[in-house]
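*Asks:* Here's my sequence, what's the structure:
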Amino acid sequence: MSGRIFGHMPDVRPVQQYEIHNGRMTARVTDLGAALVSCMIDGRDVALGYETAEEYLSNAGNMGATVGRYANRIRNGRFTLHGITYQLPCNRPPHCLHGGKVGFHQKLWHMTHCTESSITLMLFSPDGDQGFPGNLMVTATYSLKDTTLELMYTAVSDADTVCSLANHSYWNLAGHDAGHAALCEHIFTIPSAALCELDSDTVPTGRLCQVEGTVFDLRRGVRLGDVLDDPALKPTRGFDHPYVLSGKWEYAASVRYDDIAMEVWTDAPCMQVYSGNGLSLIRGKSGVQYGPQTGFCLETQQFPDAPNCPSFPSAVLCAGEKKAYRTEYRFIKEL
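*Replies:* Next up, the predicted model:
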């Protein structure tokens, strides 16, 4: 299946957009950043996105993109592996965020396989890319199955390295154009009993905190608008916190708005819950004005800063080892 021209890279290479569908759902994906551009469920687009490749190149907020080589933050842009210290770009001074200045979300991926309901994109990241060791090959596969969007990542390297891939889609179940007021009406349920303790730069300290008795306890379902002004959320202007998961296939979250819900199932050990606090006033699809807290992210990933936190599950990808990471977004619509 061929795509359509979505724009061009600065070196004039064409950027493609592909559409997959299965009757109930339609998704559009671009090879720039392996980004999800739209996700339609029964005619409603619930994913925020842009109209052109040029907007994805600047991509404020990493809209819909695959972020890597290491998602989230690495303290001081530095880690040590086998006695060798690697320095990364500190693109969120003084730390490295989402893989550095030119992360995977700014790279042109290569489409390797596409059917009516599935697409696979591949990216080669050479040894030394943004300071990381090892020649790394990664793939991202989007598949539609009934009312489920499945995202599968694979990664393999020729040398030991660290790797954490995450999808940075912004969701609004009322519609991508519904805005802040509608997002506040979403009900979040997250069964996790713990999250990573963060310092003032929102980098993990290496310790875990129990959610019991705090605003972070979402186990029984919480309307987002009821808690956004809680003093505990002021440092991050909302949710921007890594919740602890098991690392085994499990139900990780449910978000409901009116007659539609989205469940997240994953085998990742961690999930960043982000209420879109840092989204700037930007023009999205159909000229819609996006802004702070007009979409939310549920970013399944390895633990942030795991390379510097021995107490966290290891994010080391050993030479020759092929790892696969799977997340499903299951949409449930009441009739």
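*Asks:* Pretty sure Tyr70 sits against Phe132.
*Replies:* Yes: at 7.3 Å, Tyr70 counts as touching Phe132 under the criterion of Cβ atoms under 8 Å. Every C-beta, even on glycine, is put in place using the N, C-alpha and C of the backbone.
*Asks:* Which one's more surrounded, these two?
*Replies:* Tyr70 (31 against 26; other Cβ atoms under 10 Å).
*Asks:* list the residues that contact both of Tyr70 and Phe132?
*Replies:* 99, 162 (Cβ atoms under 8 Å, 6 or more residues apart in numbering).
*Asks:* Could you list which residues are in contact with Gly179?
*Replies:* 172, 291, 294.
*Asks:* got TSV for the residues you listed, with neighbour count and pLDDT too?
*Replies:* Shown next, in TSV, are the contacts of Gly179 (neighbours: other Cβ atoms under 10 Å; pLDDT from 0 to 100):
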residue	neighbour count	pLDDT
Asn172	26	98
Gly291	14	95
Thr294	25	98
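*Asks:* Return the member of these nearest to Pro93.
*Replies:* Gly291 (24.3 Å; Cβ to Cβ).
*Asks:* Torsion angles phi and psi at the residue lying closest to the closest one once chain neighbours are set aside?
*Replies:* Distances taken as Cβ to Cβ, 6 or more residues apart in numbering place Leu281 nearest to Gly291, at 4.8 Å, with adjacent residues excluded. Main-chain dihedrals, Leu281, degrees, to the nearest 10: phi -70, psi 100.
*Asks:* Surely Leu281 is in contact with Val288?
*Replies:* No: with contact defined as Cβ under 8 Å, Leu281 does not reach Val288; the gap is 11.3 Å.
*Asks:* The two: who's more crowded?
*Replies:* More neighbours surround Val288 than the other of Leu281 and Val288, with 17 against 10 (other Cβ under 10 Å).
*Asks:* wait, that one sits on Ala178?
*Replies:* No: using Cβ under 8 Å as the test, Val288 is too far from Ala178 to be in contact (9.2 Å).
*Asks:* anything in contact with each of those two?
*Replies:* Overlap of the contact sets of Val288 and Ala178 (by Cβ under 8 Å, 6+ apart) is empty.
*Asks:* gap between the residue sitting furthest away from the middle of the chain and Asp160?
*Replies:* Distance to the chain centre peaks in the chain at Gly83, reaching 30.3 Å (criterion: Cα atoms, centre = their mean). As judged by Cβ to Cβ, to the nearest Å, Gly83 and Asp160 stand 12 Å apart.
*Asks:* Please apply the same query to Asn172.
*Replies:* Distance of Asn172 to Asp160, given as Cβ to Cβ: 40 Å.
*Asks:* ditto for Ala53
*Replies:* For Ala53 relative to Asp160 (Cβ to Cβ), the value is 34 Å.
*Asks:* ends of stretch 311-318, how far apart?
*Replies:* 19 Å (Cα to Cα, to the nearest Å).
*Asks:* got it, and stretch 253-264?
*Replies:* Using Cα to Cα, first and last residues of stretch 253-264 are 5 Å apart.
*Asks:* Now do that stretch: everything it contacts.
*Replies:* 41, 44, 46, 171-174, 182, 185-191, 221, 251-252, 271, 273, 296, 298, 300, 327-334.
*Asks:* which residue ranges form the strands in the stretch 151-300 of the chain?
*Replies:* Along the stretch 151-300 of the chain, counting by DSSP state E, counting those that start in this stretch, strands occupy 161-162, 166-167, 187-189, 194-198, 204-210, 222-223, 240-244, 250-257, 260-266, 270-274, 282-283, 289-290, 297-301.
*Asks:* What mean pLDDT does the fourth one get?
*Replies:* Meaning strand 194-198. Looking at strand 194-198 alone, the average pLDDT works out to 98.
*Asks:* who does that strand touch, helix- and strand-wise?
*Replies:* Secondary-structure packing of strand 194-198 (3 or more Cβ pairs under 8 Å, 6 or more residues apart in numbering; DSSP states H and E): strand 204-210, strand 240-244.
*Asks:* for the third one, same thing?
*Replies:* Here strand 187-189 is seen to pack against strand 222-223, strand 250-257 when contacts are counted using 3+ Cβ pairs under 8 Å, 6+ apart.
*Asks:* Could you rerun that using 6 Å?
*Replies:* For strand 187-189, the packing partners by 3 or more Cβ pairs under 6 Å, 6 or more residues apart in numbering; DSSP states H and E come out as strand 250-257.
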